[in-house]
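**Q** Give me a model of this one.
(one chain, ligands or ions: 1)
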Amino acid sequence: MKPRLAVNVDHIATIRQARRGVEPDPVAAAILAEVAGASGIIVHLREDRRHIQDRDLRLLREVVKTQLNLEMAATEGMVKIALDVLPDVSTLVPERREELTTEGGLDVAGQEERISRVVRVLTEGEINVSLFVDPVPDQVKASRRTGVPFVEIHTGQYAEARTEAERQVALLRIMEAARLGRDLGLRIAAGHGLNYQNVAAVAAIPEVEELNIGHSIVARAALVGLNRAVREMVGLIHGATQS
Ligand code: PXP
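**A** Residues are numbered from 1 along each chain as shown. Here you go, the predicted model:
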């Protein structure tokens, strides 16, 4: 089975916030993405509300028919919002105000007790929790110990590799982390920086059941339309073979 595509619509909201207006609406984008074949919708409600707003999250909870995944920092305030809105999945990510986007995986190994506590609270609220981690064995093992069903493996290093050799090393790390996670009983997603050029190799990793992609789809949609942008990405994922 090839991975499902979950579409992150944050940057539709980024365009809207450029004018502090009402369009384009990430809620409308989510509906179009689902019609085009997305299996899930993702938003990151950041502390500084630079793109997705609380209103978007509430409306998305009502209209998303596939799966709503809320990316969030592991803070008390965000946990409260998650327990109120009840997304299908909450993905815990590190968050720094000054970063342009999520820069690295969550250091689960370094703060296992705190993360485990947040995982427990969200799980008791019947939210499936996923942890966004670098493809590092200790982080995957620590994630397993927190009790989450899912991890999302950070593909940023692979996406940003400047040489083919660097790319292959980064890909191997993702493959090994995915295999380790699966062996430990975790379900595996992957994402960050994936685009129309680099998605196929990650989509071909047998353990990866979901790819989370945002920026490249929104960027392409700005030029060719969201329906086509999503269809093309689904086609690439379904046609992927392992090299
Ligand atoms: N997964 C996580 C945890 C992220 O933080 C992001 C960026 O918001 C993505 C996936 C999607 O990354 P990109 O926008 O580069 O496709």
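**Q** how about the residues of this protein near the ligand?
**A** 8, 10, 44, 71, 91, 93, 101-102, 132, 152, 191-194, 212-216 (CB under 6 Å from any ligand atom). Bear in mind the C-beta positions are built from the backbone N, C-alpha and C, glycine included.
**Q** Could you give me the ChimeraX selection string for whichever of the residues you listed are buried?
**A** Restricted to buried positions by 16 or more other CB atoms under 10 Å, the ChimeraX selection for the residues of the chain next to the ligand reads:
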select :8,10,44,71,91,93,102,132,152,191,192,193,194,212,213,214,215,216
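**Q** where exactly do the strands run in the protein?
**A** Counting by DSSP state E, one finds strands in the chain at the ranges 4-8, 40-44, 68-72, 89-92, 128-133, 150-154, 187-191, 208-213.
**Q** other SSEs contacting the fifth one?
**A** Judged by 3 or more CB pairs under 8 Å, 6 or more residues apart in numbering; DSSP states H and E, strand 128-133 is in contact with strand 89-92, helix 112-124, helix 137-146, strand 150-154.
**Q** can you redo the ones you listed as TSV with distance to residue 50 and mean pLDDT?
**A** Compiled in TSV, the helices and strands packed on strand 128-133 are given as follows (distance: least, CB to CB, whole Å; pLDDT from 0 to 100):
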stretch	distance to residue 50	mean pLDDT
strand 89-92	18	98
helix 112-124	22	98
helix 137-146	27	98
strand 150-154	20	98
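**Q** wait, what's in contact with the closest residue to residue 215 other than its chain neighbours?
**A** Leaving aside its sequence neighbours, residue 215 sits nearest to residue 11 (CB to CB, 6 or more residues apart in numbering; 5.8 Å). By CB atoms under 8 Å, 6 or more residues apart in numbering, the contact set of residue 11 is 51, 214, 215, 218, 219.
**Q** pLDDT score for residue 85?
**A** With respect to pLDDT, residue 85 scores 98.
**Q** again, but for residue 203
**A** pLDDT, read off for residue 203, is 98.
**Q** and what of residue 207?
**A** pLDDT for residue 207: 98.
**Q** Now do the same contact list for it.
**A** Per CB under 8 Å, 6+ apart, neighbours of residue 207: 178, 179, 181, 182, 188.
**Q** same thing but 6 Å
**A** For residue 207, the contact set (CB atoms under 6 Å, 6 or more residues apart in numbering) comprises 178, 179, 182, 188.
**Q** cool, residue 70 as well?
**A** Residue 70 sits next to 82, 87, 90 when contact means CB under 6 Å, 6+ apart.
**Q** Out of those, which comes closest to the ligand?
**A** Closest to the ligand out of those is residue 90 (11.2 Å), distances taken as CB to the nearest ligand atom.
**Q** Kindly provide the distance from residue 74 to residue 93.
**A** 8 Å (CB to CB, to the nearest Å).
**Q** Likewise for residue 160?
**A** With CB to CB as the criterion, residue 160 and residue 93 are 17 Å apart.
**Q** All the helices of the chain, residue numbers only.
**A** Secondary structure of the chain (DSSP state H): helices at 10-17, 26-35, 54-63, 76-85, 112-124, 137-146, 156-160, 164-183, 199-203, 215-224, 226-238.
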